[in-house]
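>>> pasting the structure only:
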């Protein structure tokens, strides 16, 4: 009997995890005012002339947010409203998002390019250059990977 109850409990837990994971993949449209305050401030400060096309929220337990602009640019935020990804179609990533060490490296090694995407997390920062190169830097902003 214990074995049946244990198997039933494990099956319920697995079903719950699958359903939460499936629901977490859905982007839900939200109003700009529903973003965390830090995200709203970043968008207003760094993209004052950009027209917002739509804003989404993803996840249930750990929420993430995206702001899509009408020109194709996009910025993503974590649950606290801290940016973690900026992707530009209209030109370079604004300088305020680029760590000084990465900016200096790109200007020295790839002077005729600009950064069109930056993606950061706790361990590393990845950028995409206008020439198609992807560069990955460690948390100390030392180059650790190049992908063309």
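Structure received. Just so it is clear, the model here is predicted, and its values are computed rather than measured.
>>> The residue sitting nearest the centre point of the chain: what secondary structure?
Centroid check for the chain by C-alpha atoms, centre = their mean gives residue 85 as the closest residue, at 3.4 Å. Three-state assignment for residue 85 (DSSP: H, G, I helix; E, B strand; the rest coil): strand.
>>> Helices of this protein, start to end?
For the chain, the helices defined by DSSP state H cover 2-24, 37-46, 100-109.
>>> Name the stretch from those helices where average model confidence is lowest.
Among the helices of the chain, helix 2-24 carries the lowest mean pLDDT, a mean of 53.
>>> Can you point out the buried residues in stretch 116-125?
Under the neighbour-count criterion of 16 or more other C-beta atoms under 10 Å, stretch 116-125 has 116-120, 124-125 buried. Where you see a C-beta, it was placed from the backbone N, CA and C, and this is true even at glycine.
>>> what residues does that stretch touch?
84-89, 91-93, 97-99, 102, 126-130, 136-139, 141, 144 (C-beta atoms under 8 Å, 6 or more residues apart in numbering).
>>> Now do the end-to-end distance for that stretch.
For stretch 116-125, the first-to-last residue distance is 13 Å (C-alpha to C-alpha, to the nearest Å).
>>> Tell me who's in contact with the residue lying closest to residue 101 once chain neighbours are set aside.
Once flanking residues are discounted, residue 101 sits nearest to residue 141: 3.8 Å by C-beta to C-beta, 6 or more residues apart in numbering. Residues near residue 141 by C-beta under 8 Å, 6+ apart: 99, 101-102, 105, 125.
>>> What distance do you get for the nearest residue to residue 38 once chain neighbours are set aside to residue 131?
Distances taken as C-beta to C-beta, 6+ apart place residue 81 nearest to residue 38, at 3.2 Å, with adjacent residues excluded. As judged by C-beta to C-beta, to the nearest Å, residue 81 and residue 131 stand 32 Å apart.
>>> Which one's more surrounded, these two?
Between residue 81 and residue 131, residue 81 has the larger neighbour count (other C-beta atoms under 10 Å), namely 16 against 11.
>>> Pop out the phi and psi values for that one.
Here is the backbone geometry of residue 81 (degrees, to the nearest 10): phi 90, psi 10.
>>> Drop anything exposed from the contacts of stretch 116-125.
Taking 16+ other C-beta under 10 Å as the criterion, what is buried in these is 84-88, 93, 97-98, 102, 126-129, 137, 141.
>>> No more questions from me, cheers.
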